[in-house]
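# sequence-free structure coming up:
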């Protein structure tokens, strides 16, 4: 029998379910979120303004805590850009017993809690220290071990005897940072998300602040309580289930092979996100003949949408990914173009600066998407042409290409 969804009317959600022996068993709280819009809506209810896809990605990361390889996240951005909101508003929808709020925590604190206190938990870390020293790297060594192995170990001496301490995980770990660069061994284990510090996002935030102070009935607290109740019930009901991805080989064949980091990133970013999206459908999706839950191409389409920006921060076009997408979308692929034409395509209120545009074009050239035909001299801009490789499929194949390879 299909479990109720977050979008079901109350009469359907609360209807009791008969057991095999005839006894009536009350239905649990609403279990299945309507992806992705309902989750985005409820995160917004908790107070996140804009940043819809980033909030959704963090919600999926927190939901992965019950899996063998949870997703962890580092949220990057300047002071005041809303990093904490991206980290904490989705956490409001997680059962409080599964969340450890650790804005400041020493490495030893992880080892000396009660046995099992970290297993399948969400750790909300604070802001990463600004220093990038050996001492700072040592501070994060325990988290790195936990994220890599699913447990941490330590040997210490008590009463002249060696004592071995082991704490089991795994955990989903998140933290924020204002740093532009992060110790590579840390960031390789996490999704890296950039908070939106654009003028458009500032407009949304200011509008939301102004709206909250207008006269009228205040329903926000009641709506937040209802959202928490729905999601806590859903999250508590999630059970361990084996997920399989039928098109996984089609994905591995299309991934770029020149980066050794792809080995870890593919598992921790791409596969892990598809896995948790499928896992959250466990109450309404049938199992295969092996009793496994199978990911669909729709799961990949959603994962691809959410993961591309993070992948480009790690091994691709970096923060210029969106600019490069815009250039590709607005300029014809069958014609040469100049830096000035690319700057005009990027500008909203006039051409973008030649320097900023040139940096984006240089990254596209480095990745073989375009090539330089003629270098600019004086007032004459550089001329470029397309190579046939695309920004959109630089790191991940399109859904159509995966479907074609998988069916074939």
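Everything's here; your move. As the structure is a prediction and not an experimental result, all values here were calculated from the model. Numbers count the residues shown, from 1 in each chain.
# can you count the residues close to residue 190?
Other residues near residue 190 come to 24 when the count uses other C-beta atoms under 10 Å. Using the backbone N, CA and C atoms, a C-beta is placed for each residue, glycine as well.
# Name the residue closest to the centre of this protein, please.
In the chain, the C-alpha nearest the mean C-alpha coordinate belongs to residue 57, at 3.5 Å (C-alpha atoms, centre = their mean).
# what's the spacing between that one and residue 284?
Note on residue 57: its distance to residue 284, by C-beta to C-beta, to the nearest Å, is 22 Å.
# What is whichever strand or helix holds the residue nearest to the centre of the chain packed up against?
Assigned by DSSP states H and E, residue 57 belongs to helix 52-63. Judged by 3 or more C-beta pairs under 8 Å, 6 or more residues apart in numbering; DSSP states H and E, helix 52-63 is in contact with helix 37-45, strand 73-76, helix 83-88, strand 171-177, strand 191-194, helix 272-279, helix 297-315.
# Among those, show the one with the smallest mean pLDDT.
In terms of average pLDDT, strand 191-194 trails the rest of the helices and strands packed on helix 52-63, at a mean of 86.
# now the following helix or strand past it and helix 37-45, what's the angle there?
Using DSSP H and E, the helix or strand that follows strand 191-194 in sequence is helix 199-212. If you take axes from the mean of the first three to the mean of the last three C-alpha atoms, to 10 degrees, helix 199-212 sits at 70 degrees to helix 37-45.
# Buried residues, the helix or strand following helix 199-212. List them.
Downstream of helix 199-212, the first helix or strand assigned by DSSP H and E is helix 220-237. Neighbour counts over helix 220-237 (16 or more other C-beta atoms under 10 Å) mark 224, 227, 228, 230, 231, 232, 233, 234, 235 as buried.
# Just want the angle from helix 220-237 to helix 37-45.
Using the same axes, to 10 degrees, the direction of helix 220-237 lies 130 degrees away from that of helix 37-45.
# Quick one: distance of helix 220-237 to the chain centre.
Distance of helix 220-237 from the chain centroid (C-alpha atoms, centre = their mean, to the nearest Å) equals 21 Å.
# How about stretch 380-389?
Distance, centroid of stretch 380-389 to centroid of chain: 33 Å (C-alpha atoms, centre = their mean).
# what's the span of it, first residue to last?
Terminal residues of stretch 380-389 are spaced 26 Å apart (C-alpha to C-alpha, to the nearest Å).
# Quick one: mean pLDDT over that stretch.
Mean pLDDT, computed over stretch 380-389, is 91.
# Tell me the buried residues in it?
Buried-residue list, stretch 380-389, by 16+ other C-beta under 10 Å: 381, 382, 383, 384, 386.
# Which ones among these lie within strands?
Counting by DSSP state E, the part of the buried residues of stretch 380-389 found in strands is 383, 384, 386.
# Just the closest of those to residue 288, please.
Nearest to residue 288 among these is residue 386, at 42.2 Å by C-beta to C-beta.
# So that closest one sits against residue 369, correct?
Yes. In this structure, residue 386 is within contact of residue 369 by C-beta atoms under 8 Å, at 7.3 Å.
# residues shared between the contacts of the two?
Residues touching both residue 386 and residue 369 by C-beta atoms under 8 Å, 6 or more residues apart in numbering: none at all.
# circling back to that earlier point, which residues are in contact with the helix holding residue 57?
Counting by C-beta under 8 Å, 6+ apart, 36, 39-40, 43-44, 48, 70-73, 75, 86-87, 89-91, 93-94, 122, 172, 174, 191, 193, 195-196, 235, 238, 273, 276-277, 279-280, 305-307, 310 sit against helix 52-63.
# just to revisit the earlier point, how about a markdown table for the buried residues of stretch 380-389, with distance to residue 334 added?
Below are the buried residues of stretch 380-389 laid out as a markdown table (distance: C-beta to C-beta, whole Å):
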| residue | distance to residue 334 |
| --- | --- |
| 381 | 20 |
| 382 | 19 |
| 383 | 15 |
| 384 | 13 |
| 386 | 8 |
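# who are the neighbours in contact with residue 363?
317, 318, 320, 324.
# Just the closest of the residues you listed to residue 111, please.
Closest to residue 111, out of all of these and judged by C-beta to C-beta, is residue 318, at 36.1 Å.
# That closest one is in contact with residue 310, isn't it?
No. Applying C-beta under 8 Å as the test, residue 318 and residue 310 come out as separate, 11.2 Å apart.
# More neighbours: which of the two?
residue 310 (24 against 15).
# quick one: contacts for the closest residue in space to residue 285 that isn't next to it in sequence?
Leaving aside its sequence neighbours, residue 285 sits nearest to residue 293 (C-beta to C-beta, 6 or more residues apart in numbering; 6.0 Å). With contact set as C-beta under 8 Å, 6+ apart, residue 293 has these partners: 241, 242, 243, 244, 278, 279, 281, 282, 285, 287.
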